[in-house]
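# Whatever this is, show me its structure:
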Amino acid sequence: MHVLRIVWTYFRLGILSELEYRANFFVQLFESFVGLIVAVGGLAVVFNHTDTLGGWLPEQLLALVGIHIFIGGIINLVINPSMQRFMEDVRLGTLDFTLTKPEDAQLLVSVQRVQMWKLIDVGLGLAVLGVALMRLENVIGWRETAVFLIALLCGAAIVYSFWLILATCSFWFVRIDNILVIFQAMYTAGRWPVGIYPSWLRFVLTFIVPIAFAVTVPAEGLTGRLTTDTLWLAIGLAITMLVVSRRFWLYGIKYYSGASA
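Next up is the predicted model:
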């Protein structure tokens, strides 16, 4: 409960900050709907020429698009802006203000900035997923729902840990922002099932930049395509990534020399 209060405090401050620029709501609304039209339009073009794509039916791919938009909204809601702020604090030496607070520094830097209008993407993703679920009503049961939620949580943990590891590298490298930009660009590839890509790209999107675990694996769980081995792999990788990112953070913080150094 204490952690939740801290998270809510930062979310409330982020909301108050964003409300100072309410015109951003309309900009984000337009941007989100354009992205949705492009994603759904791409599916329409593909299925105008074929009935399936790599074994995926149109409704299943629509669910994948919804998950892609939802996870992207979560990333840009809090993970991306918070890690950007963290790297900026490391460069400027202002991380001192976070480290001197009587709370866990990793928690604070992970939720310190919130872009409230990205909730539009979260809502659109859930809406698209809801439409897909209504079309898949006959094949979605409690087992698929449970597997989907577990895979989604694992994917979120893996993505967060991956971003934290990259951001922690800013203790040694002056500019790490470009790598995060590359991740954002590669995340676009998650709009399609990872299985349709060449083997080398599939490996990259699974184990180097873990987009597959964030989008494709939850979608497979929802549509009954996920194997037990892959689910256990996602769970194991999520736990491993959380532990590794935590240890790497504690190791990296020792090399921080800020304004008070």
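
# residues contacting the residue nearest to residue 117 when sequence neighbours are not counted?
In space, and not counting its chain neighbours, residue 117 is closest to residue 28: 3.9 Å by Cβ to Cβ, 6 or more residues apart in numbering. For every residue, glycine as well, the C-beta is placed using N, CA and C. Residues in contact with residue 28 (Cβ atoms under 8 Å, 6 or more residues apart in numbering) are 117-118, 120-121.

# Of those, which belong to helices?
Among these, the members falling in helices (DSSP state H) are 120-121.

# for the most centrally placed residue in the chain, phi and psi?
The chain has residue 75 as the residue nearest its centroid, 4.0 Å off, counting by Cα atoms, centre = their mean. Main-chain torsions, residue 75, degrees, to the nearest 10: phi -60, psi -50.

# my guess is it meets residue 159, correct?
Yes - assessed by Cβ atoms under 8 Å, residue 75 is found in contact with residue 159 at 6.6 Å.

# Give me the below-cutoff pLDDT ranges for the chain.
1, 137-139, 177, 258-261 (pLDDT under 70).

# let's see 80
Where the chain drops to pLDDT under 80, the residues are 1-3, 6, 10, 14-25, 28, 54, 136-142, 144, 174-186, 257-261.

# Do a quick rundown of the helices in it.
Using DSSP H, helices in the chain cover 2-18, 23-47, 58-74, 80-92, 96-99, 105-110, 119-135, 142-168, 177-187, 199-203, 211-214, 216-222, 228-253.

# need the ones you listed in a markdown table with distance to residue 193, can you?
Putting the helices of the chain into a markdown table (distance: least, Cβ to Cβ, whole Å) gives the following:
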| stretch | distance to residue 193 |
| --- | --- |
| helix 2-18 | 33 |
| helix 23-47 | 11 |
| helix 58-74 | 6 |
| helix 80-92 | 24 |
| helix 96-99 | 39 |
| helix 105-110 | 30 |
| helix 119-135 | 14 |
| helix 142-168 | 14 |
| helix 177-187 | 14 |
| helix 199-203 | 10 |
| helix 211-214 | 9 |
| helix 216-222 | 5 |
| helix 228-253 | 13 |
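
# quick one: contacts for residue 101?
Per Cβ under 8 Å, 6+ apart, neighbours of residue 101: residue 108.

# where does it fall, phi/psi-wise?
Torsion angles at residue 101 (phi, psi; degrees, to the nearest 10) stand at phi -80, psi 150.

# measure it to residue 116 for me?
Distance of residue 101 to residue 116, given as Cβ to Cβ, to the nearest Å: 23 Å.

# Lovely, talk soon.
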